[in-house]
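Participant: Return atomic coordinates for the entry below.
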Amino acid sequence: MFSEMFFNALTLIGGLAFFLYGMHVMGDGLTKLSGGRLERILERLTHNRMKAVLLGAGVTAVIQSSSATTVTVVGFVNSGIMKLEQAIGVIMGANIGTTVTSWLLSLTGIEGGNFFLTLLKPSSFTPVLAIIGIFLIMSSKQEKRKDIGAILIGFSVLMFGMDTMSAAVEPLADVPEFTGIFTMFSNPFLGMLVGALLTAIIQSSSASVGILQALCATGSVPFATAIPIIMGQNIGTCVTALLSSVGAGKNAKRAALVHLYFNVIGTAVFMIIFYTLNAFLDFTFMHNPANAAGIAVIHSLFNIGATLLLLPFAKGLEKLAMLSIKEGDDEKITEFARLDVRFLDTPALALEQCRRSANEMAYLTLENMTTAMESITEFSQEKKEKVEETEAKIDRYEEEIGEYLRQIANRNVIAQDNVEWNLLVYCIRDFERISDHACNIVEEAAKIAKSKAEWPRKIRDEMTTYSAEVHNIVSNTVSAFIKEDIQMALSVEQMETHIDQINKRVKKHNLKRAKKEKCSPEVGIFINELSINFERVADHCENIALSLLGEQETETGGMAE
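Facilitator: The predicted model follows:
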């Protein structure tokens, strides 16, 4: 007897391992296949509360993880992309979306001799899905097909694990000690505590509900035990978001607390109403054995009911979170808050945040070049200081974006994201170097302003034309980068060729004037230094254009240093 129980326990643990691994592989494949598109939609369509709920439910149903959705929302709130009031609807929807998994798992409980009914059982169709999945992974070169293969394999392993767990616990139905444990858990508070602890440990309500559904195969788990455990599971799933908010801003912590309060209040209201009615009406089904479908029904009814009950009081949940974490002086969101580690599990979403920061960096670079160019003819100490301050800021952008890109590279970046990753790596370097040259130009402008050397009108006009062309190429480069405009990128290449010609002409004229002593040597040095910086700026603009045109790999050797 002991040896049988021991090996059944080993089989149960093995089944649980397959179950959790399958859930991980399937969720990972679904996330990659979505390419961050679902998460990006969350940013834009959450102003309407009902839409936010539906969207949260839809995203969670697709990626099969309410924890992933909630953690992403916490990241959005932390970075200022989403307001706390917008996040509430998504969080409520995520709780509804997670019930889809329990319905999928309930398929294991299908019984009957009918051919078509048997065909619906996972044990009948998952082997076929597994074969298709393996074929897609091994034979396809397209990442999307491989992701679909991973989803099919993950689902198959998940269902195999579920069947293994169910088979392992079935013989325990005749063991009094085993069935006695579930009688003990029929105490509402104890059952709720067990459900919360189990979910908090494995950090997945879908997985803990699946484990409960597998245990139902013994016929020893009455609804009186299952219901409080399910209630606890909804509370336990909040742990992931709470852990994610550690070290985040106050609004992110409030978002995590809203998730907790929603589940705690919803559970408390449900338990009070349900057990009060049970005391008077004595629900007979409470003593009946629970099954997988019954668990799915309860899980869905609770989450949908809690959402309908608390959605009108979303503002109240927000105020409760605000009271829990009060306003302070550290509420300011920095430019780099969007580069949140929570987004790294979705590389496409993380890259989009990098792109937004890189766009800001590009604007700052143009602003810096504009100020530097103006300072050549209208120098002031304020302009010089502004250029230096902006340069320090741009340096910080390169450092922060570069580090975030390195972290993304450590994740499994899919092929289509590699192009964007490479583009950003190259372009932020060139924008930073353009800004370096802006500092060089303003330094020369300071020397020109301090100098008493006379500039002949012809020279001044020539340099004004040159500086205007350089400013134009920077402006076009920034526009091409931000708009991802290929035609504009092609025009930048043409402009760079034109600037090379201007540069040669200016240097030639400068050399002739020096030989004929038509202007002071000091002016000649200023022209030479400005020309060097102007030319380098144009070279870096061309590098960015080439990167946009997808030619950075072949052109790397010729890039300006």
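Participant: Next, count neighbours for Ala255.
Facilitator: Using other CB atoms under 10 Å, Ala255 has 32 neighbouring residues. All C-beta atoms are positioned from the backbone trio N, CA, C, and that covers glycine.
Participant: give me every residue that touches it.
Facilitator: Contact analysis of Ala255 by CB atoms under 8 Å, 6 or more residues apart in numbering lists Val73, Val74, Val77, Asn78, Leu84, Ala87, Ile91, Ala241, Ser245, Ala321.
Participant: Quick check: mean pLDDT of the host helix or strand of it?
Facilitator: Using DSSP states H and E, the element containing Ala255 is helix 250-281. What helix 250-281 shows for mean pLDDT is 91.
Participant: Any idea how far that helix is from the middle of the chain?
Facilitator: From the chain centre to the centre of helix 250-281 is a distance of 28 Å (CA atoms, centre = their mean, to the nearest Å).
Participant: Pull out the buried residues from that helix.
Facilitator: Buried residues in helix 250-281, counting neighbours by 16 or more other CB atoms under 10 Å, are found at 250-263, 265-267, 270-271, 274.
Participant: didn't Ile448 look like it was pressed against Lys384?
Facilitator: No - using CB atoms under 8 Å, Ile448 makes no contact with Lys384, being 11.9 Å away.
Participant: pLDDT weak spots in the stretch 51-200 of the chain?
Facilitator: Counting by pLDDT under 70, the stretch 51-200 of the chain shows low-confidence ranges at 108-123, 172-184.
Participant: ok, and the most crowded of the contacts of Ala255?
Facilitator: Among the contacts of Ala255, the one with the most neighbours (other CB under 10 Å) is Val73, at 34 neighbours.
Participant: Show me what the mean pLDDT comes to for the longest helix along the chain.
Facilitator: Counting residues, the longest helix found in the chain (DSSP state H) is helix 415-450. Average pLDDT, helix 415-450: 89.
Participant: for that helix, the distance to its chain's centre please.
Facilitator: Taking CA atoms, centre = their mean, one finds the center of helix 415-450 at 27 Å from the center of the full chain.
Participant: State the next helix or strand along the chain beyond it.
Facilitator: Helix 415-450 is succeeded, C-terminally, by helix 457-483 (DSSP H and E).
Participant: Geometric centre of this structure: which residue is closest?
Facilitator: Here the mean C-alpha position of the chain is nearest to the C-alpha of Phe343 (CA atoms, centre = their mean), at a distance of 2.9 Å.
Participant: SS state for the closest residue to it other than its chain neighbours?
Facilitator: Nearest non-adjacent residue to Phe343, counting by CB to CB, 6 or more residues apart in numbering: Ala350, 4.2 Å away. Here Ala350 is helix, with the state taken from DSSP: H, G, I helix; E, B strand; the rest coil.
Participant: What count of nearby residues applies to Ala350?
Facilitator: For Ala350, the tally of surrounding residues (other CB under 10 Å) stands at 28.
Participant: from what I can see it touches Ala409, true?
Facilitator: No - contact between Ala350 and Ala409 fails when scored by CB under 8 Å: they sit 10.6 Å apart.
Participant: distance of the closest residue to Phe283 other than its chain neighbours from Phe270?
Facilitator: Closest residue to Phe283 apart from its sequence neighbours, by CB to CB, 6+ apart: Leu277 at 7.6 Å. Computed as CB to CB, to the nearest Å, the Leu277 to Phe270 distance reads 11 Å.
Participant: got the angle for whichever helix or strand comes after the helix holding Ala255 vs helix 250-281?
Facilitator: Per DSSP H and E, the first helix or strand lying C-terminal to helix 250-281 is helix 292-310. Helix 292-310 runs at 120 degrees relative to helix 250-281, counting by axes from the mean of the first three to the mean of the last three CA atoms, to 10 degrees.
Participant: quick one: average pLDDT of helix 292-310?
Facilitator: The average pLDDT for helix 292-310 rounds to 91.
Participant: Can you give me the distance of Ser300 to Ile211?
Facilitator: Counting by CB to CB - Ser300 and Ile211 are separated by 18 Å.
Participant: If you count surrounding residues, which of these two has more?
Facilitator: More neighbours surround Ile211 than the other of Ser300 and Ile211, with 26 against 16 (other CB under 10 Å).
Participant: quick revisit: export the contacts of Ala255 as CSV, with columns for secondary structure.
Facilitator: Putting the contacts of Ala255 into CSV (three-state DSSP) gives the following:
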residue, secondary structure
Val73, helix
Val74, helix
Val77, helix
Asn78, helix
Leu84, helix
Ala87, helix
Ile91, helix
Ala241, helix
Ser245, coil
Ala321, helix
